[in-house]
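Q: Sequence first, predicted model second:
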Amino acid sequence: KYVSFLKATNFVHNLLINRIPEGSTVIDGTMGNGYDTLFLHEQVGEEGVVYAFDIQKLALERTKEMLIENNIAIDSNRIRLIHDGHENIGQYVKEPISVAMFNLGYLPNGDKEIITQNSTTIQALSAALSLLQARGIISIVIYYGHIGGLEEKQRLMDYVNNLNSSEYTVMQCSYLNKEKNPPIIVLIEKNK
Ligand code: SAM
């Protein structure tokens, strides 16, 4: 199926689509409106588990609605919608993960002042890295046009630039001809 990279999120889905084994455990670190949660559930299938985090109740409500519209049982243990910050991933996820997705910034069509914060984002990333299995991938889509976004981007870039290259491969994809602070995509693969 043809997937355009006009939208960063589609680009990431396209990249991850063959890298999520059925039955594996995955994390959506920023549930928002639930698009990534739904995508992840479709990839891991009925035997896999998706842990999705958001600090806003509205995000959980919208995600539940979207899953119900797609005929997905939200009361199963296979999709855990967690009303808590991603910095607490380690309290909920104990098994190895094949993928973690982070889509930073604010909830689309929500409160633009509730945004991801650099210190908690780094804590979440570090927790996800410690759960990542060999050949597992973490994707981060960084939107930085909002207040605080530039600082978060800088802290995050410093953090990922310093990951040990014998353990992790880190890549960045950026749009070169888009205006207004286009998102930056960071991909981290665990080498072995
Ligand atoms: N992936 C989402 C989707 O498919 O619609 C979009 C995510 S949106 C760009 C960012 C989300 O991160 C917001 O819903 C916001 O509430 C959430 N967020 C902010 N701080 C957070 C934290 N500490 N832990 C988890 N989610 C957080």
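A: Now that the structure is in, tell me what you want to look at. Numbers count the residues shown, from 1 in each chain.
Q: pLDDT score for the closest residue to the ligand within the chain?
A: Ranked by CB to the nearest ligand atom, the top residue of the chain for proximity to the ligand is G32, at 2.5 Å. (C-beta placed from N, C-alpha, C; glycine too.) Looking at G32, its pLDDT stands at 98.
Q: One more: K1?
A: With respect to pLDDT, K1 has a value of 63.
Q: any idea which helix or strand carries A52?
A: Per DSSP states H and E, A52 falls inside strand 49-53.
Q: before we move on, what about R135?
A: Using DSSP H and E, R135 falls within strand 132-142.
Q: So what are the sheet partners of that strand and their directions?
A: Strand 132-142 has the following strand partners under DSSP bridges: strand 97-103 (parallel), strand 184-190 (antiparallel).
Q: Identify, out of those, the most deeply packed stretch.
A: Most buried of the strands paired with strand 132-142 by mean neighbour count (mean count of other CB atoms under 10 Å) is strand 97-103; its value is a mean of 25.
Q: Just the C-alpha atoms of it, please, in PDB.
A: The C-alpha trace of strand 97-103 is given here as PDB (Å, rounded to 0.1, in the frame of the first residue of the first chain):
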ATOM      1  CA  ILE A  97       9.000  -4.000  24.100                       C
ATOM      2  CA  SER A  98       9.400  -4.100  20.300                       C
ATOM      3  CA  VAL A  99       8.400  -0.400  19.700                       C
ATOM      4  CA  ALA A 100       7.700   2.800  21.600                       C
ATOM      5  CA  MET A 101       6.200   5.800  19.900                       C
ATOM      6  CA  PHE A 102       6.300   9.400  21.100                       C
ATOM      7  CA  ASN A 103       4.500  12.200  19.300                       C
END
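Q: Give me the angle between that strand and strand 49-53.
A: With axes from the mean of the first three to the mean of the last three CA atoms, to 10 degrees applied, the angle from strand 97-103 to strand 49-53 works out at 30 degrees.
Q: Off-centre distance for strand 97-103?
A: Its chain's C-alpha centre and that of strand 97-103 lie 5 Å apart, by CA atoms, centre = their mean, to the nearest Å.
Q: again, but for stretch 12-32
A: 8 Å.
Q: Buried residues of that stretch, list them for me.
A: 12-13, 15-16, 20-21, 24-32 (16 or more other CB atoms under 10 Å).
Q: Determine which two of those are furthest apart.
A: Using CB to CB, these span at most 24.6 Å, a distance reached by P21 and G32.
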